[in-house]
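Okay, predicted coordinates and the sequence, questions at the end:
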Amino acid sequence: MRPFIALSTAAQLAAHLREEILRGALRDELPGYRLLAGRMAVNHKTMREALRLLEEDGFLVPQGSGRRCRIRLPQGNAPTGFRVTILPFEEEDRRVAYHRDILDRLDRAGHAVAFADKSLADLDFNVRRLARFVRKHPTDAWVVVAGSRAVLEWFAEQPVPVFALAGRSAGLPVAGATIRKSIVMTEAIRRLVELGHRRVVMLVREDRRKPTPGGQEQDFLDALESHGIRTGSYNLPDWKDTIDGFHHCLGSLFSRTPPTAMMIDEAPLFVAAEHFLAQRGLSAPKDVSLICSDPNLCFNWCRPAISHTSWEPRPLVARVVRWAENVARGRDDRRNTSIKAEFVEGGTIGPAPV
């Protein structure tokens, strides 16, 4: 019987990172140790010790103070697996449940899959910075989360296959999956109009407004127009895509002609808007009706229930996995799939205040 050797946490971590390097999930340069420690939920000292062990084994080559270590495979070893890199919209996307499902499903399918070190937000949605980043991070395929039109146009011109996970990919020669919200917009606006609302505002990120309104935003404006409500910048206001910019926009809206109903994209923005209203003694649905155009698990715990858009993520996850399997086999898969969404009327909408 071989002797039992109890490994320290750092040694176990080093073994895990070694396996990730050998199968190709980590290549070229290792992310900074603080970033790695945060993602793997270990303290910085443990991560530094694990990296020291990898350096002793010859898997890492230091490149000087403040610079990332270069990954070096032992002689005779080649990375295995088809490399798929997920480029998130922002850091929080790493914790979205169905994004984690995609990561897990691709991993179980034998692909070397990982989130990119940076998000589109980290790159300021700047195509030049994106191009430099992509050149330094070679991969066999990209999954881009909620890419802007400019970002996806750039990816469409590159030789590496790309999958647009949501985002503004309509008409581009790339594979993708979008959430079909046109019916939701029609139903939500019809219900709000029935309740007497005329001042209805949608708050979305800049990439959804520019250079022209995206699909769901145009559906929102068209639905208002169909009920005789003339639309303009009031209904789809422009704001600087920052926390301060968002709150400045809310302050402007409620300082003059406050909306009686708001549709807000993304759960974090929805929560921020609710908090803003609460600080001013306003609540939904008494003072303003609120709808979130995305689902979130925390909504299940809310009373009254949050009015929101919902869809089943499993077909979306399955589509990404099928695409990866196809492009890994050399097939040209550029099919675009749409996932049907539905309007869930909760307790945050009610009659327009008199």
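Happy to help now that I have it.

use CA for all of it now, contacts and neighbours both
Noted.

Please determine how far the nearest residue to residue 346 once chain neighbours are set aside is located from residue 348.
In space, and not counting its chain neighbours, residue 346 is closest to residue 307: 4.0 Å by Cα to Cα, 6 or more residues apart in numbering. Using Cα to Cα, to the nearest Å, residue 307 is found at 6 Å from residue 348.

Mutual contacts of the two, please.
Counting by Cα atoms under 8 Å, 6 or more residues apart in numbering, the residues touching both residue 307 and residue 348 are 290-291.

Go ahead and produce CSV holding the CA coordinates of stretch 235-244.
Output in CSV follows, covering the C-alpha atoms of stretch 235-244 (Å, rounded to 0.1, in the frame of the first residue of the first chain):
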residue,chain,number,x,y,z
ASN,A,235,-39.3,57.5,-23.2
LEU,A,236,-35.8,56.2,-23.9
PRO,A,237,-33.6,58.6,-22.1
ASP,A,238,-29.9,58.9,-22.7
TRP,A,239,-27.5,58.6,-19.7
LYS,A,240,-23.9,58.0,-19.1
ASP,A,241,-23.3,54.3,-18.6
THR,A,242,-22.0,54.6,-15.0
ILE,A,243,-23.6,54.3,-11.6
ASP,A,244,-23.5,58.1,-11.2
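
For that stretch, buried residues please.
235-239 (16 or more other Cα atoms under 10 Å).

of all the residues you listed, which two lie farthest apart?
235 and 239 (12.3 Å; Cα to Cα).

can you tell me which residues contact the nearest residue to residue 270 once chain neighbours are set aside?
Leaving aside its sequence neighbours, residue 270 sits nearest to residue 264 (Cα to Cα, 6+ apart; 5.7 Å). By Cα under 8 Å, 6+ apart, the residues touching residue 264 are 202-204, 270, 290-293.

Please flag which of those residues sit within helices.
residue 270 (DSSP state H).

Pick out the most distant pair among the contacts of residue 264.
204 and 290 (13.7 Å).

For the stretch 201-350 of the chain, which segments count as strands?
Assigned by DSSP state E, counting those that start in this stretch, the stretch 201-350 of the chain shows strands spanning 261-264, 289-292, 307-311, 336-344.

chain center to the first one, what's the gap?
It refers to strand 261-264. 21 Å (Cα atoms, centre = their mean, to the nearest Å).

Direction included, what does that strand pair up with?
strand 200-203 (parallel), strand 289-292 (parallel) (DSSP bridges).

for the longest one, same thing?
When pairing is defined by DSSP bridges, strand 336-344 lines up against strand 175-180 (parallel), strand 307-311 (antiparallel).

closest to residue 152 out of these?
Closest among the strands paired with strand 336-344, using Cα to Cα: strand 175-180, at 10.5 Å.

Would you mind pulling the contact partners of the closest one?
Under Cα under 8 Å, 6+ apart, the answer for strand 175-180 is 162-167, 169, 311, 316, 319, 323, 333-341.

can you check stretch 90-104 too?
For stretch 90-104, using Cα under 8 Å, 6+ apart, the contacting residues are 88, 113-115, 118-122, 313-314, 317, 320-321.

So for it, mean pLDDT?
The pLDDT scores in stretch 90-104 average 89.

Check stretch 242-258 too.
Stretch 242-258 comes out at a mean pLDDT of 94.
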